[in-house]
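1. need coordinates for the below:
(one chain, ligands or ions: 1)
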Amino acid sequence: MTLLAIENITVKYGPIPAIRDVSLRIGEGETLAVVGANGAGKSTLTLAITGIVRPASGRIEFSGRSLLGLGPEATARLGVALVPEGRHIFEGLTVDENLLLGTTVLADRSSARHAMAQSYEMFPILHERRNGMATRLSGGEQQQLAIARALLSKPRLLILDEPSLGLSPVMVDKIYAILSELKSLGTTLLLIEQNPARIDEVADRVIVLSSGAVQASGLAAEILADEQLHASYLGGVALGARQ
Ligand SMILES: Nc1ncnc2c1ncn2[C@@H]1O[C@H](COP(=O)(O)OP(=O)(O)OP(=O)(O)O)[C@@H](O)[C@H]1O
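-> Predicted coordinates:
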């Protein structure tokens, strides 16, 4: 069943479109990767889905319901969670306090406590550091915190904007292991990456975005095997090649 359907959305900041006529679909339990170079429009796509920016035209439907005009909070309550680029950890709060903020959409304190316990089980490093300031975590640990916090709302769709950006190879391994685990648990993922080197590990389908438009889309195996695509749109970064 289609969970997210986007049809021909155009988003403008001023007169120039940041993305134009972008369409995509994500089925329940599927992982879609969107790849593209700097400025391709990847973050703008995530902002449009999560209701932070409003498209000038087009349709966005989640589970058959239009998301247009709902805004970020109502969109989150419907089950769309974003791990934004740059992670957005709350300064001045501990790891535990940062995580607690992720439980605010849950119905009651007992389900919040249960979700926190599950989260600490999945992310043992966060349990170890739970009373420390979140800003003292390494970049990879902060990325885990951002993912854990997004998962606490029990989202039906998890969007990750460049989760491997700026991380050491060991931490990229860790993040992709987490994504693989989420996928095996049936989580629906929209994975945004500038560097496509690792997406073959999790993506079912891939969309290549360039200059705000979809240049190619298809099964991950087909897109990743297309050398012309990465030469043309991804700065020659080898698709599916290890870092
Ligand atoms: N708030 C804004 N105001 C004006 N233009 C913007 C704004 N945000 C993004 N843009 C422009 O929109 C286009 C798409 O940007 P976007 O951040 O969506 O791309 P991206 O693929 O996520 O890039 P990156 O990988 O560098 O984050 C770019 O030309 C960018 O300069």
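
2. ok, Gln194 touching Pro163?
-> No. In this structure, Gln194 is not within contact of Pro163 by Cβ atoms under 8 Å, at 11.0 Å. Any C-beta I mention is one placed from the backbone N, CA and C, and that applies to glycine too.

3. now do the helix or strand encompassing Arg77: which elements does it pack against?
-> Counting by DSSP states H and E, the element that carries Arg77 is helix 71-78. Here helix 71-78 touches no other helix or strand, going by 3 or more Cβ pairs under 8 Å, 6 or more residues apart in numbering; DSSP states H and E.

4. so how far is the following helix or strand past that helix off the chain centroid?
-> The first helix or strand that comes after helix 71-78 along the chain, using DSSP H and E, is strand 80-83. Its chain's C-alpha centre and that of strand 80-83 lie 6 Å apart, by Cα atoms, centre = their mean, to the nearest Å.

5. which parts of this protein are strands?
-> 2-13, 16-27, 31-35, 57-62, 65-66, 80-83, 157-161, 188-193, 205-210, 213-219 (DSSP state E).

6. buried sites along the last one?
-> Neighbour counts over strand 213-219 (16 or more other Cβ atoms under 10 Å) mark Ala213, Val214, Ala216, Ser217 as buried.

7. quick one on the thing from earlier: list the contacts of the helix holding Arg77.
-> Helix 71-78 is contacted from outside by 49-52, 62-63, 65, 67, 70, 105, 153, 155-156, using Cβ atoms under 8 Å, 6 or more residues apart in numbering.

8. would you mind getting the angle between it and strand 157-161?
-> Compare the direction of helix 71-78 with that of strand 157-161 by axes from the mean of the first three to the mean of the last three Cα atoms, to 10 degrees and you get 130 degrees.

9. near the ligand, which residues of this structure show up?
-> Contact residues (Cβ under 6 Å from any ligand atom) of the chain with the ligand: Tyr13, Ala18, Gly36, Asn38, Gly39, Ala40, Gly41, Lys42, Ser43, Thr44, Glu85, Gln194.
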